[in-house]
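J.: quick one, structure for this:
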Amino acid sequence: MAWTVLVTARAFWVSGQSANDALESAGCRVMRSPEAGPLQGNVLASLINDWDCDAVIASSDPYTVSIFDACPGLKHVSRCGVGIDSVDLSAATDAGVVVTNTPGAMTDAVGDYTFALILGVARRTAEGDALMRTGGWGEYPGVLVCGKTLGLVGLGQIGQAVAKRSAGFGMRLLAYDPVLEATGVPPGLPPVQFVSMEGLLAESDFVSLHAPATPETRGMFNAERFAQMKPSAYFINTARGTLVDDDALVAALESGQIAGAAIDVYAPEPYPADGPLRRAPRCLLTPHNAFNAVEAAAEMSRLSALHVLAVMRGERPASTCNPAVWDSAHLRVRA
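T.: Now for the predicted structure:
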C-alpha cells in the first residue's frame, strides 16, 4: 500500500524533484507543508492528521512524545539531514515510529562552508562587500589563516572533512574527541594531535565546533570556555546552536575576550530578529546554510526518499537511528 508523505524540508522542495518523482512513481502521495520547517508542534500534528500522513521527510521539526501520541498513523520520520536532536528517539521507539537520517550526504558541503567561514571571518570579506555596496572604499586588516593552529572540537565525518581542507593551508591541527582518540585517527587525515579541551582552547587560533547535540554537550561553550581562548582566536560553529551560550559568546565578543566568530547554527531556528548575536561585533552570521550545496541537498533528498520507500516496503535502512524499534511490539510498519 502506497503512503502519503508530508515534506517539511525546504532542501527537498528546492533540490529534490527526482526524489519526489521516485516517491510518486511508487504510488506515494507527496504533500508539501504550507511553509518550510521547522514547524511548530501543533501545526505539524494538524498536517499529519489532516492529510493522513504515513511518513514525513522532515526538517528539524520537533518530533516529541506529544506528536507521536497525537498522530497514531505516523510510521516513519525520515530526516532530510544528519542531525536528529529535534527527534525524541526514545519516544519514537516506544511509539513504534522508525527514524532515519542521511549521514554523509552533506559532509563535503559543510567542510567547504566551514572553511569559507574561517576565511570570511579572518579576512573580513563580508565587511568589504558591505563597504563596496554603500559606495565606500577603504582598508580593514585581517589575519592570515595559513600556518595557524586549528582546533577541532569533534573529529567525526565533518571534523575530518575540515581537517583535510586545512592541509592546503599548512595548518597545525589539534582535536578534542575522547571517543575517536580511544579508537584512533582514520587513515587519510593530515597529522592530528589529540589534546584536552583546555589545551585546545589555549593553543588554537581558530576553534571550530563539530560536536553532536546531546544533553551532555548542551551549552558546552559558555563563559568559562570562551575565557580559556586566546584574545586573538576566532570561534566557528557549524554544528548546532544548542551547544553555545549565545549571551556568553556576545559578551566575549563585546569585551574583546576573543577576536571574532562565525556562526551558521542557532537556538532557536529561525533565529529571532532581536536575537543577541545579531548585534554582536566582529561576528559573521549566516542562516544555517552550511549543508546547502546543490549537490548535497539533492543527495539528502534522494536518500530521505529512498528510506521512505524502504520502510514502506518493510525493509530496514542501515541509517535507522533507533534500530531497537524493529523489535518493538508497537512497531507501526510491517518489517
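J.: just the strands in the stretch 201-335 of the chain please.
T.: Counting by DSSP state E, counting those that start in this stretch, one finds strands in the stretch 201-335 of the chain at the ranges 206-209, 234-237, 260-263, 283-285.
J.: contact partners for residue 308?
T.: Residues counted as contacts of residue 308 (Cβ atoms under 8 Å, 6 or more residues apart in numbering) are 3, 5, 23, 28, 55, 57, 76, 78. Where you see a C-beta, it was placed from the backbone N, CA and C, and this is true even at glycine.
J.: coming back round to it: make TSV out of the strands of the stretch 201-335 of the chain and add distance to residue 169 and mean neighbour count.
T.: Output for these, formatted as TSV (distance: least, Cβ to Cβ, whole Å; neighbours: other Cβ atoms under 10 Å):
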stretch	distance to residue 169	mean neighbour count
strand 206-209	10	26
strand 234-237	14	26
strand 260-263	16	24
strand 283-285	18	19
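J.: among the ones you listed, which comes closest to residue 134?
T.: Closest to residue 134 of the strands of the stretch 201-335 of the chain is strand 283-285 (Cβ to Cβ; 17.9 Å).
J.: chain center to that closest one, what's the gap?
T.: Relative to its parent chain, strand 283-285 has a centroid offset of 17 Å by Cα atoms, centre = their mean, to the nearest Å.
J.: so what strands line up beside it?
T.: Strand pairing for strand 283-285, determined by DSSP bridges: strand 260-263 (parallel).
J.: ok, back up a step: okay, and which of the contacts of residue 308 map to helices?
T.: residue 23 (DSSP state H).
J.: just send the strands of the stretch 201-335 of the chain back as TSV, with distance to residue 316 too.
T.: Converted to TSV, these look like this (distance: least, Cβ to Cβ, whole Å):
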stretch	distance to residue 316
strand 206-209	33
strand 234-237	34
strand 260-263	37
strand 283-285	40
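J.: got those as a markdown table, with mean pLDDT and distance to residue 87 columns?
T.: Compiled in a markdown table, the strands of the stretch 201-335 of the chain are given as follows (pLDDT from 0 to 100; distance: least, Cβ to Cβ, whole Å):
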| stretch | mean pLDDT | distance to residue 87 |
| --- | --- | --- |
| strand 206-209 | 98 | 21 |
| strand 234-237 | 98 | 21 |
| strand 260-263 | 98 | 23 |
| strand 283-285 | 98 | 26 |
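J.: narrow the contacts of residue 308 to those that are buried.
T.: Using 16 or more other Cβ atoms under 10 Å as the burial test, the contacts of residue 308 include 3, 5, 23, 28, 55, 57, 76, 78 as buried.
J.: turn those into a markdown table, columns for pLDDT.
T.: Compiled in a markdown table, these are given as follows (pLDDT from 0 to 100):
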| residue | pLDDT |
| --- | --- |
| 3 | 97 |
| 5 | 98 |
| 23 | 98 |
| 28 | 98 |
| 55 | 98 |
| 57 | 98 |
| 76 | 98 |
| 78 | 98 |
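J.: tell me the one of these nearest residue 312?
T.: residue 3 (5.1 Å).
J.: if we go by neighbour counts, what in the lengthiest helix in the chain is buried?
T.: Identified as the longest helix of the chain according to DSSP H is helix 294-312. When burial is assessed from 16+ other Cβ under 10 Å, helix 294-312 yields the following buried residues: 296-312.
J.: excluding its backbone neighbours, what's nearest residue 242?
T.: Spatial nearest neighbour of residue 242, chain neighbours left out: residue 267 (4.6 Å); criterion: Cβ to Cβ, 6 or more residues apart in numbering.
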